[in-house]
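Asks: only geometry, no sequence info:
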């Protein structure tokens, strides 16, 4: 009986100690500082001289792929690019094994980047392979102003004719 009582007492002490260790502790109330709302400037995304919705020739696309993506506002101030996604919609042909008919199809390759222009590997793989109806698409562009505040810039889609 004494042994059971000691065991029960030990379990109760462990439970109460554990409860105290993991219970929520109250802290002093801190001061609340208001953060001023940040309204990002109106900016536009530019590749070369082309903005969103531009249509370029194959030769122009070969030159554009090596150029840096630029973000600027209406006053001409440039913004540092923090990151962006690039997607290339590539045209291809698939042959149906049963009928032998060829069908046009599109595949996409995309990745996240933090430097502009695109890395040399991407430029070399894409350049000189452009075809009609393909697209280059820069999206989720995050830029930073001089105060270090980050915000999104508009997407940039370029169609190849």
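Replies: On my side now, so go ahead. Only a predicted model underlies this, so the values are computations on that prediction, with no experimental measurement involved.

Asks: make it CA atoms for all contacts and neighbour counts henceforth
Replies: Noted.

Asks: Low-confidence ranges, this structure, go.
Replies: Along the chain, segments meeting pLDDT under 70 span 1-2, 5, 8-12, 14-29.

Asks: residues making contact with the longest strand seen in the chain?
Replies: In the chain, taking DSSP state E as the definition, the longest strand is strand 80-95. Strand 80-95 is contacted by residues 70-71, 101-116, 130-131, 133-145 when judged by Cα atoms under 8 Å, 6 or more residues apart in numbering.

Asks: next one: stretch 47-58
Replies: With Cα under 8 Å, 6+ apart as the test, stretch 47-58 has contacts from 44-46, 64, 67-70, 130-132, 155-161.

Asks: Now which of those would you call buried?
Replies: Buried residues within these, counting neighbours by 16 or more other Cα atoms under 10 Å: 44-46, 64, 69-70, 130, 155-160.

Asks: which of the residues you listed sit farthest apart?
Replies: 44 and 130 (25.1 Å; Cα to Cα).

Asks: quick one: the nearest residue to residue 68 once chain neighbours are set aside and residue 6, what's the gap?
Replies: Closest residue to residue 68 apart from its sequence neighbours, by Cα to Cα, 6 or more residues apart in numbering: residue 117 at 4.0 Å. Computed with Cα to Cα, to the nearest Å, the distance linking residue 117 and residue 6 is 73 Å.

Asks: now do residue 44
Replies: Remark: distance between residue 44 and residue 6 (Cα to Cα) = 75 Å.
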